[in-house]
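J.: structure of the sequence below:
(2 chains)
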Protein chains: 2
Amino acid sequence: MTSHAFKMQSMIPGVNDELEVEKEPNASETTDFTPSPLFERVERARRRKHKIRETHITLAHGSGGKTMHELIEALFLDYFRNPLLEQLEDQAVFEVGHPEGAASRLAFTTDSYVVDPIFFPGGDIGKLAINGTVNDLAVSGARPLYLSAGFILEEGFPIADLKRIVESMRDAARVAGVEIVTGDTKIVQQGGADKVFINTAGIGLIEKPVRISSAAARPGDKVILSGTIGDHGTTIMIARGELELETELASDSAPLNLLVQEMVETAHELNALNGIHCLRDPTRGGVATTLNEIALSSEVCIEIREDLLPVREEVKGACEILGLDPLYVANEGKLVAIVSAEIAEPLLEKIRKNAAGESACIIGEVKAVPQGIVAMVTGFGGTRIVDMLAGEQLPRIC
Amino acid sequence: MTSHAFKMQSMIPGVNDELEVEKEPNASETTDFTPSPLFERVERARRRKHKIRETHITLAHGSGGKTMHELIEALFLDYFRNPLLEQLEDQAVFEVGHPEGAASRLAFTTDSYVVDPIFFPGGDIGKLAINGTVNDLAVSGARPLYLSAGFILEEGFPIADLKRIVESMRDAARVAGVEIVTGDTKIVQQGGADKVFINTAGIGLIEKPVRISSAAARPGDKVILSGTIGDHGTTIMIARGELELETELASDSAPLNLLVQEMVETAHELNALNGIHCLRDPTRGGVATTLNEIALSSEVCIEIREDLLPVREEVKGACEILGLDPLYVANEGKLVAIVSAEIAEPLLEKIRKNAAGESACIIGEVKAVPQGIVAMVTGFGGTRIVDMLAGEQLPRIC
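T.: Numbering: from 1, shown residues only, chains lettered A, B, ... in the order given. Just a heads-up that it's a prediction; the model follows:
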């Protein structure tokens, strides 16, 4: 195989080796970590005010990981600061009231898509642009209603390719049950942009009084993952042709809104709507980064078990060749749900009945300490810290 | 002066010369055109189903003019078709209802910004990105509430420049009274994008029962323009340094929401809320293209008077040198309002009291025929058709 051209920095933070600690032989699988000075140091470092160390934008600023968080918190959040943005969820949730009526609770989100290549097994930039924004709405418990679409096209881009993308967007919107109601087109001269970039923004209506938030995970909660990890990122990597691999692998790009609606209905029937604590779709930065964001926001420890992580053989193989960890590889149709233990099993059962969640499973649980830490019980019975993605793994993955 | 590098096609359609007709000496200024076989031919041609003739994207597809309309109608509208999108307004307006409450009427819009240069007299890409989306909401009569911001950044872009843009967005958002509540950042490798592109989408609340639409112009209505034309486009052209001109000219980028709210209040006080028929901000394609869109949608003739058009001397001069017509040059803080004759004067008075409308004036009126035509009574007393922008005048103007 050939080496791939884009930057790859270690995904495993430098501290990992020294933090790899053998579990005490008689410790049960669910025993909490014992906070140690080392954890406290890690915690303190993480609580420091974010600062941008770089003078120029690097690919890592778009990674979904640590460097991107620094940019967001030290720049965008600092300047735009307001209570909605500060929550740093994948969507803003607010009430909009008719002067003479009750307020409606809405979710609002946006994402730009710059994936390269624009066509790949299992999808294309258009399908991603619909499903990605649908999912960012869905994970707030909202029913996605309306999408906007903004195209930035490079002069000379084939209209046949644009048609294919637009057709794919139409089809994805139909599957998800949303409508594209407003749009914009800008053209830049040849060389001023790479083929096509798409931005979608979306509006959803939160109909049930759910309170889903990255800050809502509680000790004792179960961590549900809706299916195999790393499919999308690995597919894109292979589609770039920089690996001489042939697989049947395809992107998992899919809308999660119907799955989430079913979960909300089930919780409602169980009279446990408040039992759905966190929902997230682990895209850039993978499941590891998403779990870290939740652990930090909720001030809990999330402990997952390596032997429970569903990973396709092809993904495992490709990631091994590349020295990647599927935990950090992007997904585009997967859900991480952190729910109260009482409703975990009935929800899991419901999720497994949905085509988007057939291989769903519980991969771990939430502990009280050490706060802000994701820990993984490894196949060898040890436990190691799983940090947020550092550096850039795969630029233009979505 | 040097010639400028970007494409410029004739803005005056080929038919114009043969349509330049002397007014009958005793015709009053407000006499309707007499429909003739020629007008009928023009009308028929315009009603034909749009087809894309090109196989590849050209700069003209982003012009705001005819070629862009063809792309939108033959591709985006054809595939995404739904009642909201079909109205082809600058924003979608829909009701969102709380299950147990009254519905709220919302406006939703998006625009991507690719302006080059990113900093220019009177503003920058960030200010444009806020005001442009605020204005697309405002012209529906909505009070803009929340904006999203999606950044596409080129690897190597100076973080100091990004800070300057973000600061400018913060300031513009404050002036307009909106909040940026959700966002996204993508980075592409060096050469994959030109510095920075910004998408903003916005949500506004329509509190008063206005029915503003491009299709609502009625014969007898007055056409109000809130100020001088062509300031933004001319400023950008000069800022590119392709003209050896030094002027005091600055972009007119400004939010129009407060101006529109005042107009709505005034009409409400006059018990004539339905007298505000069309509101538009004439950006890409200029006042000429905006008026053509209204004339086509409303199936009316809009007759404007050349001697009433407010144009700064510097804009006139620069446009003369370039062979451009200020009527086709982009504005970023101007309003075209088509209102019933009864409330035109009180509205105009109100507009003039707002800093964004000091030099507002009535530039023409709406006639019944010839439908879909914008006509201009020239300084010489003749009347000519003012067509929609053809080709591309200024790529990356916003």
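J.: and the strands in chain A?
T.: According to DSSP state E, chain A carries its strands in the segments A:92-97, A:103-113, A:119-120, A:123-124, A:143-154, A:179-188, A:196-206, A:222-225, A:276-280, A:301-305, A:336-339, A:361-367, A:373-377, A:383-385.
J.: give the contact list for residue A:201.
T.: Contact analysis of residue A:201 by Cβ atoms under 8 Å, 6 or more residues apart in numbering or on different chains lists A:108, A:109, A:110, A:133, A:147, A:148, A:150, B:110, B:148, B:150, B:199, B:201. Any C-beta I mention is one placed from the backbone N, CA and C, and that applies to glycine too.
J.: quick one, which of the strands of chain A is nearest to residue B:186?
T.: Distance to residue B:186, taken as Cβ to Cβ, is lowest for strand A:103-113 among these, at 4.9 Å.
J.: direction included, what does that closest one pair against?
T.: strand A:92-97 (antiparallel), strand A:196-206 (antiparallel) (DSSP bridges).
J.: those: lowest mean pLDDT?
T.: Across the strands paired with strand A:103-113, strand A:92-97 has the smallest mean pLDDT, namely a mean of 92.
J.: now that strand: buried residues?
T.: Neighbour-count burial for strand A:92-97, counted by 16 or more other Cβ atoms under 10 Å in any protein chain shown, picks out A:92, A:93, A:94, A:96.
J.: residue A:261: which of the strands of chain A is closest?
T.: strand A:143-154 (6.6 Å).
J.: now do that closest one: which elements does it pack against?
T.: Using 3 or more Cβ pairs under 8 Å, 6 or more residues apart in numbering or on different chains; DSSP states H and E, the elements in contact with strand A:143-154 are helix A:125-138, helix A:159-176, strand A:179-188, strand A:196-206, helix A:257-269, strand B:92-97, strand B:103-113, strand B:196-206.
J.: again, only this time at 7 Å
T.: Under the contact criterion of 3 or more Cβ pairs under 7 Å, 6 or more residues apart in numbering or on different chains; DSSP states H and E, strand A:143-154 touches helix A:125-138, helix A:159-176, strand A:179-188, strand A:196-206, helix A:257-269, strand B:103-113, strand B:196-206.
J.: who does that strand pair up with?
T.: Here strand A:143-154 has these sheet partners by DSSP bridges: strand A:179-188 (parallel), strand A:196-206 (antiparallel).
J.: any chance of these in JSON lines, plus distance to residue B:397?
T.: Rendered in JSON lines, the data for these read as follows (distance: least, Cβ to Cβ, whole Å):
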{"stretch": "strand A:179-188", "distance to residue B:397": "10"}
{"stretch": "strand A:196-206", "distance to residue B:397": "18"}
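J.: for residue B:245, find the nearest of those.
T.: Among these, strand A:179-188 comes nearest to residue B:245, with 24.5 Å by Cβ to Cβ.
J.: thinking again about what came up before, highest average neighbour count across the strands paired with strand A:143-154?
T.: Of all the strands paired with strand A:143-154, strand A:196-206 has the most neighbours on average by mean count of other Cβ atoms under 10 Å in any protein chain shown, namely a mean of 28.
J.: with only the CA atoms kept, save that one in CSV.
T.: The C-alpha coordinates for strand A:196-206 follow below in CSV (Å, rounded to 0.1, in the frame of the first residue of the first chain):
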residue,chain,number,x,y,z
VAL,A,196,-18.3,21.9,-4.6
PHE,A,197,-18.9,22.8,-1.0
ILE,A,198,-22.4,22.6,0.5
ASN,A,199,-23.7,24.2,3.6
THR,A,200,-27.0,23.1,5.1
ALA,A,201,-28.8,24.6,8.0
GLY,A,202,-31.9,23.1,9.6
ILE,A,203,-34.8,23.8,11.8
GLY,A,204,-36.5,21.2,13.9
LEU,A,205,-39.5,21.2,16.3
ILE,A,206,-39.1,19.7,19.8
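J.: and it, how far from the chain's centre?
T.: 16 Å (Cα atoms, centre = their mean, to the nearest Å).
J.: stretch A:335-343 now?
T.: Worked out by Cα atoms, centre = their mean, stretch A:335-343 lies 16 Å from the chain centre.
J.: show the buried residues in the contacts of residue A:201.
T.: Buried members of the contacts of residue A:201, counted by 16+ other Cβ under 10 Å: A:108, A:109, A:110, A:133, A:147, A:148, A:150, B:110, B:148, B:150, B:199, B:201.
J.: rank the strands of chain A by pLDDT, which is bottom?
T.: If you rank these by mean pLDDT, strand A:92-97 sits at the bottom with a mean of 92.
J.: in JSON lines, list the strands of chain A along with distance to residue B:295.
T.: Listed next are the strands of chain A as JSON lines, based on distance: least, Cβ to Cβ, whole Å:
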{"stretch": "strand A:92-97", "distance to residue B:295": "34"}
{"stretch": "strand A:103-113", "distance to residue B:295": "34"}
{"stretch": "strand A:119-120", "distance to residue B:295": "41"}
{"stretch": "strand A:123-124", "distance to residue B:295": "38"}
{"stretch": "strand A:143-154", "distance to residue B:295": "26"}
{"stretch": "strand A:179-188", "distance to residue B:295": "22"}
{"stretch": "strand A:196-206", "distance to residue B:295": "30"}
{"stretch": "strand A:222-225", "distance to residue B:295": "56"}
{"stretch": "strand A:276-280", "distance to residue B:295": "49"}
{"stretch": "strand A:301-305", "distance to residue B:295": "61"}
{"stretch": "strand A:336-339", "distance to residue B:295": "53"}
{"stretch": "strand A:361-367", "distance to residue B:295": "61"}
{"stretch": "strand A:373-377", "distance to residue B:295": "61"}
{"stretch": "strand A:383-385", "distance to residue B:295": "66"}
